[in-house]
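Asks: got a predicted model here, sequence first, then my questions.
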Amino acid sequence: MNKLLATLIAGLFATSVYAQTQTQSTAATGAPATSAHGMSTAAGTTVVGTTPGATGMSGAAGTTASSTGNADADKDIAKADQKEAKEMTKQDEKIQKATAKANEKKAKAQEKADKKIADANEKVAKADPEDRAKASAKAEAKAADANYDAQKTMIKADEKAQKKIVDANADKAKAHAKANEKRAEATADAHKAAAH
């Protein structure tokens, strides 16, 4: 009973961490967008367990399509765009790495649990008919322990990955804000120069 309660509490904790991550990401990056799985996620954010290749890659971040007419301002804007794109790529790589690591740990935990369960079931199959009920009860207990250990490991892996993803998304939001500031300053300087 205590293990079941601990599992439920850990599951609730993981859910609250996930929900909190989504709330923070939405607040940091704007309106939520829908992922490939139909889950509501903030633009440029990643959720552990999404399909490979769709792990938080941001689109064109805040690039400007038109020229200000001032070569220096355009150069500054291009520099801000490049710096932002570089930071976005760096943070996306961190997100992918954290997600891949979590998925690997989760797969290993599941594999380990499956092996323990298979070994326990094998012992039941090999047991003498008079000992089969006792062996079966032991196997059920081992299976429950194996599943609990696997879930615990998976929750920890997700929690660790979510922390890294939250940090990466925060860095992406800061980079985007900084680039917007630089673009606005360059545009203002171009307008000032044009006015003289």
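Replies: Cool, got the structure.
Asks: check contacts around Asp119.
Replies: Residues near Asp119 by CB atoms under 8 Å, 6 or more residues apart in numbering: Lys142. Quick note: C-beta positions are derived from backbone N, CA and C, even for glycine.
Asks: least confident secondary structure element in the protein?
Replies: Comparing helices and strands within the chain by mean pLDDT, DSSP states H and E singles out strand 40-42 as the least confident, with a mean of 37.
Asks: low-confidence stretches in the protein?
Replies: Regions of the chain meeting the criterion pLDDT under 70 cover residues 1-66.
Asks: that one: strands as residue ranges?
Replies: Along the chain, the stretches classed as strands by DSSP state E are 32-34, 40-42.
Asks: now for the longest helix along the chain, which elements pack on it?
Replies: Using DSSP state H to define each element, the chain has its longest helix at helix 132-195. With contacts defined as 3 or more CB pairs under 8 Å, 6 or more residues apart in numbering; DSSP states H and E, helix 132-195 has these neighbours: helix 2-29, helix 71-126.
Asks: next, the angle from that helix to helix 71-126.
Replies: Here helix 132-195 points in a direction 180 degrees away from that of helix 71-126 (axes from the mean of the first three to the mean of the last three CA atoms, to 10 degrees).
Asks: surely Ala175 is in contact with Glu84?
Replies: Yes: taking CB atoms under 8 Å as the contact criterion, Ala175 and Glu84 are neighbours in contact, 5.2 Å apart.
Asks: next, the buried residues of stretch 163-175.
Replies: Buried residues in stretch 163-175, counting neighbours by 16 or more other CB atoms under 10 Å, are found at Lys164, Ile165, Val166, Ala168, Asn169, Lys172, Ala173, Ala175.
Asks: how about the residues you listed in a markdown table, adding distance to Lys75?
Replies: What follows is the buried residues of stretch 163-175, written out as a markdown table (distance: CB to CB, whole Å):
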| residue | distance to Lys75 |
| --- | --- |
| Lys164 | 35 |
| Ile165 | 34 |
| Val166 | 34 |
| Ala168 | 29 |
| Asn169 | 29 |
| Lys172 | 24 |
| Ala173 | 25 |
| Ala175 | 19 |
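Asks: closest to Lys79 out of those?
Replies: Nearest to Lys79 out of the buried residues of stretch 163-175 is Ala175 (CB to CB; 13.2 Å).
Asks: who's in contact with the closest one?
Replies: Listed by CB under 8 Å, 6+ apart, the contact set of Ala175 reads Ala61, Lys83, Glu84, Glu87, Met88, Gln91.
Asks: for Lys134, same thing?
Replies: Applying CB under 8 Å, 6+ apart to Lys134 gives the contacts Ala127.
Asks: repeat that for 10 Å
Replies: When the contact criterion is CB atoms under 10 Å, 6 or more residues apart in numbering, the partners of Lys134 are Val124, Ala127, Asp128.
Asks: which members of these are classed as buried?
Replies: Using 16+ other CB under 10 Å as the burial test, the contacts of Lys134 include Val124, Ala127 as buried.
Asks: which one of the contacts of Lys134 is nearest Ala109?
Replies: Proximity of these to Ala109, judged by CB to CB, is greatest for Val124, which lies at 23.1 Å.
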